[in-house]
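> here is a sequence with its predicted model. Questions after.
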Amino acid sequence: MSDRKGRGRHVRTGTEPVTAYSDLRLRLILSLVFVPLFLAATVVFAIWWAAADAGDTPSPAQLGWLTVGCAVLTVIAVIDLLVVARRIRRRRPPGV
């Protein structure tokens, strides 16, 4: 057993914060960029998927997976946007 202080995997040097916070403004900007981007990609792939025939490349199955993947990424980005907005609102002092 080592004589490390703390319970984590890494020894604290004393210069890092005890609790780290993510940069909420950066997450907000990234969410605001990627929500419309993923939403647009979902719409484009869905339209392409609807117009695809069995012999096309990429196949309708591949286009379906791309559509579902972009839709999942859109949902994740929207959830992150809501979480970030809530944290920013909670951090502001009352009356501002």
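Right, received. Where do you want to start?
> average pLDDT across whichever helix in the chain runs longest?
When every helix of the chain is counted residue by residue (DSSP state H), the longest turns out to be helix 60-91. Taken as a whole, helix 60-91 has a mean pLDDT of 96.
> now residue 25: how far from residue 31?
Distance check for residue 25 against residue 31: by CB to CB, to the nearest Å, it reads 11 Å. For the C-beta atoms, the positions are set from N, CA and C on the backbone; glycine is no exception.
> next one: residue 74
The span separating residue 74 from residue 31 equals 11 Å under the rule CB to CB.
> could I get the CA-only coordinates of stretch 43-62 as PDB?
Taking Å, rounded to 0.1, in the frame of the first residue of the first chain, the C-alpha atoms of stretch 43-62 are listed here in PDB:
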ATOM      1  CA  VAL A  43     -33.200  16.400 -42.400                       C
ATOM      2  CA  VAL A  44     -30.900  16.100 -45.400                       C
ATOM      3  CA  PHE A  45     -30.300  12.400 -44.700                       C
ATOM      4  CA  ALA A  46     -34.000  11.700 -44.100                       C
ATOM      5  CA  ILE A  47     -34.900  13.300 -47.400                       C
ATOM      6  CA  TRP A  48     -32.100  11.400 -49.200                       C
ATOM      7  CA  TRP A  49     -33.200   8.200 -47.500                       C
ATOM      8  CA  ALA A  50     -36.800   8.700 -48.600                       C
ATOM      9  CA  ALA A  51     -35.700   9.200 -52.200                       C
ATOM     10  CA  ALA A  52     -33.200   6.300 -52.300                       C
ATOM     11  CA  ASP A  53     -33.800   3.100 -54.300                       C
ATOM     12  CA  ALA A  54     -32.500  -0.400 -53.500                       C
ATOM     13  CA  GLY A  55     -29.600  -0.200 -55.900                       C
ATOM     14  CA  ASP A  56     -28.300   3.200 -54.900                       C
ATOM     15  CA  THR A  57     -25.000   3.900 -53.100                       C
ATOM     16  CA  PRO A  58     -25.200   4.500 -50.200                       C
ATOM     17  CA  SER A  59     -28.000   2.000 -49.600                       C
ATOM     18  CA  PRO A  60     -31.300   3.000 -48.000                       C
ATOM     19  CA  ALA A  61     -30.200   1.000 -44.900                       C
ATOM     20  CA  GLN A  62     -27.000   3.000 -44.600                       C
END
